[in-house]
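Colleague: structure of the sequence below:
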Amino acid sequence: MSRQLWRDLAVMMGIFLLLIALLVPAIHRSRTAARMSSAKNNLKQIGLALHNYHDTFGCFPPGGVIREDGTAMHGWMMSMMPFLDAHPFSMMIDYNRPWDSPENVPVYQIQIPSYQIPGRDMSLADDGYAVTVYQGNPNLLHRNSSIKLRQIRKGTAHNWLAGEVTGKYQPWGYPFNWRPLGTKLCDGPDSFGQHAWDGAHLLLVDGSEHFYSTETAPEILQALADAPPIATGAQTAVPPRTFIIGEYEWERIDLQSDPQGENQYIVKVLRSPAGLPLKMSVCSKYIVRPGDEPEYKGKGAVFLFLAHIGPQTDIASTLKDTTLREETTPKQWAANMKLLKSIQQQLPQTDAQ
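Modeller: Numbers count the residues shown, from 1 in each chain. Below you'll find the predicted structure:
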């Protein structure tokens, strides 16, 4: 091969590499811009849901419903769920039980797109709950709050409702999803902001969304943080709890039952990043057959809780009065008990449920 040909090939390779070097940053910027646009739209949807809640009930939802004995029930993200596209999930919650009761796990483990940054895998909390990147304004969304628009004395364009946090993500169903704004963005895991775009989107009370860069003057953020009404320390107090976020995963294992029965049955097993089982529940789903009319849009989209299985649970006694027992033959029942016990033996003995 001649030297001229080698030179031509080298020039072509150089041009090719130069094009790649120019295109990669452009593609990255394009993807970042698309995610920022989607994240901004998420806040818009949250704002619409909060205002629709206010139109219906005359106030914004409580940041968290906390009983007098300190039992945490449900938070603002669930309260406004009927006004989001995820409305069917709000009908599957047992509001008379705490958010973290086994009966409510099947819903709170679902990842809600409106509560996350598009294109980003948020993983799960160590208890198997799906998390959110958004936190609320503690002055407006706190313990048993019921803030009305007329209480926003500096004007709805000068106060904020929610925004993107930098770290220490929490389950979206957690009844304590609020956080002080602070005076600096992207300033550690306790702050607001996303390092990927050097700033944060904030939802203002008037329903508009605005991007604030890390160069935003502290005085501007301080003015937002101090906008009345100001909640008391007791109202905004949160438990000293940090959720571990990681590659936790819910595994779904089918159980045997009558194929002509009304329900499908599974055991859901939460596995650690190492693959070890941490908790398990038996769930059912009503089978919508041709000609059936579902009770509501999305019926059957979520497996409903039947029973929690802890390391000391008597499985047969716990499930004997459920529809699973009714819709299985003796042989199927025995096979299911064998499977469930084999998983149960691997559960950590610290399971308190």
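Colleague: so Ser281 is in which element?
Modeller: Ser281 belongs to strand 277-286 when elements are defined using DSSP states H and E.
Colleague: other SSEs contacting that strand?
Modeller: Helices and strands touching strand 277-286, by 3 or more Cβ pairs under 8 Å, 6 or more residues apart in numbering; DSSP states H and E, are helix 105-108, strand 263-271, strand 304-309, helix 323-326, helix 330-344. (Glycine included, C-beta is placed from N, CA and C.)
Colleague: what does the first one rub up against?
Modeller: Under the contact criterion Cβ atoms under 8 Å, 6 or more residues apart in numbering, helix 105-108 has outside partners 89, 92-93, 99-100, 128-130, 171-173, 268, 281, 283, 302-305.
Colleague: re earlier: taking helix 330-344 as reference, get the angle to the strand holding Ser281.
Modeller: Relative orientation of strand 277-286 with respect to helix 330-344: 150 degrees, computed using axes from the mean of the first three to the mean of the last three Cα atoms, to 10 degrees.
Colleague: what's the angle from strand 277-286 to strand 304-309?
Modeller: 150 degrees.
Colleague: related to what we said a few turns ago, between the helices and strands packed on strand 277-286, which gets nearest to Trp160?
Modeller: Distances from Trp160 to each of the helices and strands packed on strand 277-286 were compared by Cβ to Cβ, and the smallest falls on helix 105-108, at 25.6 Å.
Colleague: ok, back up a step: among the helices and strands packed on strand 277-286, which is the most enclosed?
Modeller: For these, the largest average neighbour count (mean count of other Cβ atoms under 10 Å) is found in helix 105-108, namely a mean of 24.
Colleague: I'd like the distance from that helix to the chain centre, please.
Modeller: 10 Å (Cα atoms, centre = their mean, to the nearest Å).
Colleague: which SSE is immediately downstream of it?
Modeller: Assigned by DSSP H and E, the successor of helix 105-108 is strand 124-125.
Colleague: mind checking how far the strand holding Ser281 is from the chain centre?
Modeller: In terms of Cα atoms, centre = their mean, the centre of strand 277-286 is found 19 Å from the chain centre.
Colleague: partners of it in the sheet?
Modeller: Taking DSSP bridges as the criterion, strand 277-286 sits next to strand 263-271 (antiparallel), strand 304-309 (antiparallel) in its sheet.
Colleague: closest to Arg252 out of those?
Modeller: Checking these against Arg252 by Cβ to Cβ gives strand 263-271 as the closest, at 5.1 Å.
Colleague: and the pLDDT for Ala86?
Modeller: Taken from the predicted model, the pLDDT recorded for Ala86 is 68.
Colleague: kindly report the same for Pro118.
Modeller: Pro118 carries a pLDDT value of 73.
Colleague: so it is in contact with Lys40, correct?
Modeller: No - under the criterion of Cβ atoms under 8 Å, Pro118 makes no contact with Lys40, lying 10.3 Å away.
Colleague: quick one: Val131 is in a strand?
Modeller: Yes - according to DSSP: H, G, I helix; E, B strand; the rest coil, Val131 belongs to a strand.
Colleague: show the pLDDT at it.
Modeller: With respect to pLDDT, Val131 scores 95.
Colleague: could you export stretch 242-254 as PDB, CA atoms only?
Modeller: C-alpha atoms of stretch 242-254 as PDB (Å, rounded to 0.1, in the frame of the first residue of the first chain):
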ATOM      1  CA  THR A 242     -32.500   7.700  55.900                       C
ATOM      2  CA  PHE A 243     -33.500   5.300  53.200                       C
ATOM      3  CA  ILE A 244     -30.900   3.200  51.400                       C
ATOM      4  CA  ILE A 245     -31.400   3.400  47.700                       C
ATOM      5  CA  GLY A 246     -29.900   0.600  45.600                       C
ATOM      6  CA  GLU A 247     -30.400  -2.200  43.100                       C
ATOM      7  CA  TYR A 248     -33.200  -3.800  45.200                       C
ATOM      8  CA  GLU A 249     -35.700  -5.700  43.000                       C
ATOM      9  CA  TRP A 250     -39.100  -7.300  43.400                       C
ATOM     10  CA  GLU A 251     -39.200 -10.800  41.900                       C
ATOM     11  CA  ARG A 252     -42.600 -12.200  40.900                       C
ATOM     12  CA  ILE A 253     -43.100 -15.900  41.100                       C
ATOM     13  CA  ASP A 254     -46.300 -17.500  39.900                       C
END
